[in-house]
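*Asks:* any chance you could fold what I've pasted below:
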Amino acid sequence: MAKPHPSEAMEFVTLSPFVTKHLEYTAESSHNDESVSSKAPAPSTTEPGIHPTQSNDDIFAGLSPETHRLANDAKAGAQAEHRMTFLQGMKLYPKAIGWSVMLSLTIVMEGYDTALINSFYAFPVFKKAYGADEGGGNYQISAAWQSGLTNGAVIGEIIGLFFNGYITERIGYRYTMIGALLAMSLWIFLSFFAFNIEMLLVSQILCGLSWGVFQTLTTTYAAEVMPVALRAYLTSNVNLCWLIGQFISQGVVRGLVDTSNQWAYRIPFALQWFWSITILIGVSLAPESPWWLIRHGRDEDARKSLLRLTRRGLEYNVDEALAMMKHTNEVEKYLGSGIGFLDCFKGVDLRRTEIACMVWIAQNFSGGNLTGYAPYFYVQAGFKPERAFDLSLGMYGLAIVGQILSWFSMRVVGRRRLYIAGLALSFITLIVAGAIGSRADTPSTSWTLGSMLIFLTFVYDSTIGPVCYVLVSEIPSTRLRIKTVVLARVAYNLAGIVANVLTPKMLNPTAWNWKGKTCYLWAGTCLIMLVWSYFRLPEPKGLTYMELDILFEKRAKTRKFREFQVNLASTGKGCLGFTSDALLMMTIGYFSLDEPSASNSGWRGYG
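*Replies:* A predicted model of the protein is given here:
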């Protein structure tokens, strides 16, 4: 017999006599195929907090009979996901993996695009074309313009993110992505033909509109087409796509660094057309997210989408998978989950929004922003431009290795532990790098500082970078996932604006000229993120979206998410193994999720 999944048990839950009798009653009724509306009142009992005169119809007046009828199939669908192993998921969902990777290629394009500008700051011919002569033929893009170009793109991304939040919910993932790719093909003309830095700034802002769509849509799409067994791999794959795009960008720029005419930077811009047109063809054939179709009442289209995402001929019940989605959507509506931006700041969804925002903000405030400035950082640390790009290529190559390693480490230690470990290691690395950067400039100091930045990138891309994408896709409710991820990415971009203003000033020789001492500032912000994560970041590993809904609805403390899984591992009942009525009782207060009392091995106090 297969070992039960941890979330298929609820040892910590304390059931009152009233609930126990109700469970027995509804189980018997369900066995006899009786509808909820035709049930006689369940046996009443007197218990503190429960009124014996309150009937079942009063308790569940807001829940439709259809949701009750979905309960058994939804339970079977959830249990099938929990029993699914990684290899079984790979065999059943190869099409979903392929489509998810196809949409994620837009992140490869964005990683390539956004890395170009930062790389060009260390590019002699680019600095001569768009910079100012500081004397003796030493051309520089000023710190103000560096911040302007980088933040111009970020402002465009923020606008694009909000458009994405509204448009995707209205017309779907596929059509939104097609529109963003078509627009991107037009904005590239401005980058390619820019004859001054002002025109280049406009092109960055407009390109940011499309990049804002790519940044969140790929993550949420992967979260909605993948089962629990594959969810972490395909959502964290977005970070890998960033790295691949940045690696390709560094390779292209490195190959043209010795070119002395304008084609040295115009050719890299022109290559963006290859990405946008190629990906557009693939995305136009992709299936729509079944979760989005369910939210819009298009059940038959959702069924067709699920069949397109899975491999036929294997053991798979599309009706059970569809029922689980419909059941989750109905219960979230019953619990008051809306679909607007303001709903993200109401009730328990506020906590979910906070977590999603903070884990993405930490990417900028843990030293990860230094990666984008790596070539420029190396040049200011004393390396020649050619050597700086060689080091950057090695850095991104090692980061890709780190990303692959994260797939295994996440499976063993979970999201929370790996994320906190990454922040702790980043803090230590930044302190050491800052100390090295405080010494006099020598070849050995430059090499050591460069090595520390490479190690920091490896730590970041094996922990914080990939885990962030998994967390922001798993933490929100299914009805608010698009909006929550948009808000989280906006928070990331706002933090990025701060980082993009400070970092050039700290590195630029015409401004603060901190060089390696820049690491001290980010060590301080990294420590703040570490403290927040320890107290506020929960562990969602291995839980279905319904189970996460329950834990957040009961306002379970951060450590309880992990204890939930550990305690459930010792029993054989599943969270969705209860009837729909029992599941809802847990959400309205009959189940307890507080500290264990001396007289009870379960958890009490939140009823």
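*Asks:* run a quick neighbour tally on residue 217.
*Replies:* As a burial measure, residue 217 scores 26 neighbours (other CB atoms under 10 Å). Yep, even glycine has a C-beta here, placed from its N, CA and C like the rest.
*Asks:* residue 181 now?
*Replies:* 24.
*Asks:* helices or strands next to the helix or strand hosting it in the packing?
*Replies:* Residue 181 is part of helix 173-193, with elements assigned from DSSP states H and E. Applying 3 or more CB pairs under 8 Å, 6 or more residues apart in numbering; DSSP states H and E, we find helix 173-193 packed against helix 94-120, helix 143-171, helix 197-225, helix 263-283.
*Asks:* the first one versus helix 263-283: what angle between them?
*Replies:* Same thing as helix 94-120. 160 degrees (axes from the mean of the first three to the mean of the last three CA atoms, to 10 degrees).
*Asks:* please identify the buried residues of helix 94-120?
*Replies:* Neighbour-count burial for helix 94-120, counted by 16 or more other CB atoms under 10 Å, picks out 95-97, 99-120.
*Asks:* sorry, back to before: what's the angle from the helix holding residue 181 to helix 197-225?
*Replies:* 160 degrees.
*Asks:* coming back round to it: residue 547 is nearest to which of the helices and strands packed on helix 173-193?
*Replies:* helix 197-225 (15.0 Å; CB to CB).
*Asks:* report the rounded mean pLDDT for the helix or strand just after the closest one.
*Replies:* Per DSSP H and E, the first helix or strand lying C-terminal to helix 197-225 is helix 228-256. Taken as a whole, helix 228-256 carries a mean pLDDT of 85.
*Asks:* now do stretch 450-470
*Replies:* Average pLDDT, stretch 450-470: 89.
*Asks:* can you dump the C-alpha coordinates of that stretch into PDB?
*Replies:* This file holds the C-alpha atoms of stretch 450-470, laid out as PDB (Å, rounded to 0.1, in the frame of the first residue of the first chain):
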ATOM      1  CA  GLY A 450      34.600  39.300  -8.400                       C
ATOM      2  CA  SER A 451      34.600  35.800  -7.000                       C
ATOM      3  CA  MET A 452      32.400  36.800  -4.100                       C
ATOM      4  CA  LEU A 453      29.900  38.300  -6.500                       C
ATOM      5  CA  ILE A 454      29.900  35.100  -8.500                       C
ATOM      6  CA  PHE A 455      29.300  33.100  -5.300                       C
ATOM      7  CA  LEU A 456      26.500  35.500  -4.300                       C
ATOM      8  CA  THR A 457      24.800  34.900  -7.600                       C
ATOM      9  CA  PHE A 458      25.100  31.200  -7.200                       C
ATOM     10  CA  VAL A 459      23.500  31.400  -3.700                       C
ATOM     11  CA  TYR A 460      20.800  33.700  -5.000                       C
ATOM     12  CA  ASP A 461      19.900  31.500  -8.000                       C
ATOM     13  CA  SER A 462      19.900  28.300  -6.000                       C
ATOM     14  CA  THR A 463      17.600  29.600  -3.200                       C
ATOM     15  CA  ILE A 464      15.900  33.100  -3.200                       C
ATOM     16  CA  GLY A 465      15.500  33.500  -7.000                       C
ATOM     17  CA  PRO A 466      13.700  30.200  -7.900                       C
ATOM     18  CA  VAL A 467      11.900  29.800  -4.600                       C
ATOM     19  CA  CYS A 468      10.300  33.200  -4.900                       C
ATOM     20  CA  TYR A 469       8.400  32.300  -8.100                       C
ATOM     21  CA  VAL A 470       7.100  29.200  -6.400                       C
END
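*Asks:* list the buried residues for that stretch?
*Replies:* In stretch 450-470, counting by 16+ other CB under 10 Å, buried: 450, 452-470.
*Asks:* what helix or strand does the residue sitting nearest the centre point of the chain sit in?
*Replies:* Taking CA atoms, centre = their mean as the criterion, residue 469 is the residue nearest the geometric centre of the chain, at 2.5 Å. Using DSSP H and E, residue 469 sits in helix 464-474.
*Asks:* and residue 286, by the same measure?
*Replies:* Going by DSSP H and E, residue 286 is not in any helix or strand.
*Asks:* need the phi and psi values for it.
*Replies:* phi -70, psi 150 (degrees, to the nearest 10).
*Asks:* for the closest residue to it other than its chain neighbours, give me its contacts.
*Replies:* Here the nearest residue to residue 286 in space, its sequence neighbours aside, is residue 99; by CB to CB, 6 or more residues apart in numbering that works out to 4.9 Å. Listed by CB atoms under 8 Å, 6 or more residues apart in numbering, the contact set of residue 99 reads 225, 286-287, 309.
*Asks:* closest one of those to residue 355?
*Replies:* Nearest to residue 355 among these: residue 225, at 22.8 Å, using CB to CB.
*Asks:* gap between the closest one and residue 267?
*Replies:* 36 Å (CB to CB, to the nearest Å).
*Asks:* these two - which one has more neighbours?
*Replies:* Taking other CB under 10 Å, residue 225 and residue 267 do not tie; residue 225 has more neighbours (29 against 15).
*Asks:* what sits closest to that one if chain neighbours are left out?
*Replies:* Leaving aside its sequence neighbours, residue 225 sits nearest to residue 96 (CB to CB, 6+ apart; 4.5 Å).
*Asks:* can you read off the pLDDT for the one you found?
*Replies:* 92.
*Asks:* that one contacts residue 309, doesn't it?
*Replies:* Yes: here residue 96 lies in contact with residue 309, judged by CB atoms under 8 Å, at a distance of 4.0 Å.
*Asks:* okay, and the common contacts of those two?
*Replies:* In contact with both residue 96 and residue 309: residue 225, using CB under 8 Å, 6+ apart.
*Asks:* can you read off the pLDDT for the residue nearest to residue 286?
*Replies:* 93.
*Asks:* for residue 492, see how far away it is.
*Replies:* Residue 99 sits 25 Å away from residue 492, going by CB to CB.
*Asks:* do the same with residue 154
*Replies:* 9 Å.
*Asks:* excluding chain neighbours, what is closest to residue 236?
*Replies:* In space, residue 236 is closest to residue 466, 3.6 Å off (CB to CB, 6+ apart).
*Asks:* got a list of what the one you found touches?
*Replies:* 236, 239-240, 403, 406-407, 410.
*Asks:* same thing but at 6 Å, please
*Replies:* 236, 239, 403, 406 (CB atoms under 6 Å, 6 or more residues apart in numbering).
*Asks:* tell me the domain boundaries of the protein?
*Replies:* Following the assignment in automatic domain parsing, the chain carries domains at 86-536, 544-607.
*Asks:* now stretch 209-223: buried residues?
*Replies:* By neighbour count with 16+ other CB under 10 Å, stretch 209-223 contains the buried residues 209-223.
*Asks:* output the contacting helices and strands for the helix or strand containing residue 87.
*Replies:* Counting by DSSP H and E, the element that carries residue 87 is helix 86-92. Packing partners of helix 86-92 (3 or more CB pairs under 6 Å, 6 or more residues apart in numbering; DSSP states H and E): helix 228-256.
*Asks:* distance of the spatially most distant residue from the centre of the chain from residue 256?
*Replies:* Residue farthest from the centre of the chain, counting by CA atoms, centre = their mean, is residue 136 at 47.2 Å. Distance, residue 136 to residue 256, using CB to CB: 25 Å.
*Asks:* show me the contacts for residue 120.
*Replies:* 126, 265.
*Asks:* tell me, how many neighbours does the nearest residue to residue 84 once chain neighbours are set aside end up with?
*Replies:* Counting by CB to CB, 6+ apart, the nearest residue to residue 84 once its immediate chain neighbours are dropped is residue 229, at 4.6 Å. Counted with other CB under 10 Å, the neighbours of residue 229 add up to 22.
*Asks:* for the stretch 251-400 of the chain, what spans make up the helices?
*Replies:* Counting by DSSP state H, counting those that start in this stretch, one finds helices in the stretch 251-400 of the chain at the ranges 263-283, 290-295, 299-309, 318-334, 349-365, 369-372, 374-380, 385-437.
*Asks:* relative orientation of the last one and helix 94-120 in degrees?
*Replies:* With the same axes, to 10 degrees as the basis, helix 385-437 and helix 94-120 are set at 90 degrees to each other.
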